[in-house]
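Student: have a look; sequence and predicted model below, questions after that.
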Amino acid sequence: MKEKTTQEILNLLLSRLKIDESNPITTVYHEWMEIVGPDIAVHAKIFDVRGKVLIIEADHPTWASMVMMRRKQILARLKRQFPELGITQIQVRSRSQ
């Protein structure tokens, strides 16, 4: 049996959850690694979008700090690539392991 790629699993999950692929936030999820870089993407995930605030959950306080240090760059990319979302703030929370 052929193993599924991460992208195939994500597409299957989105389909089962009936998530609209044309929604810009879905594209942000797909492009997260390119937006924040592979080092952060492994440790910090999009948790939610509430209004103009992107909420990110990091797996350790150190990674939460890294996101906050790169906040301006992340917001600039989001504004440039996804202006329709109107994201102006980032909140980061750390989850305990």
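Tutor: Perfect, I can see it now.
Student: switch to C-alpha atoms for all contacts and neighbour counts from now on
Tutor: OK.
Student: Thr88: neighbouring residues, count only.
Tutor: Look at Thr88: counted by other C-alpha atoms under 10 Å, it has 15 neighbours.
Student: could you do the one 3 residues further on as well?
Tutor: Neighbour count of Gln91, defined by other C-alpha under 10 Å: 16.
Student: you'd agree it is in a strand?
Tutor: Yes: using DSSP: H, G, I helix; E, B strand; the rest coil, the assignment for Gln91 is a strand.
Student: from here on, count from 40
Tutor: From this message on, residue numbering opens at 40, which makes the last subject Gln130.
Student: ok, it to Leu93 distance?
Tutor: According to C-alpha to C-alpha, to the nearest Å, Gln130 and Leu93 sit 6 Å apart.
Student: now Met107. Nearest residue, chain neighbours left out?
Tutor: Val131 (7.4 Å; C-alpha to C-alpha, 6 or more residues apart in numbering).
Student: check contacts around that neighbour.
Tutor: Applying C-alpha atoms under 8 Å, 6 or more residues apart in numbering to Val131 gives the contacts Ile94, Ile95, Glu96, Ala97, Ala103, Val106, Met107.
Student: which one among these gets closest to Pro77?
Tutor: For these, the residue nearest Pro77 by C-alpha to C-alpha is Val106; the value is 12.1 Å.
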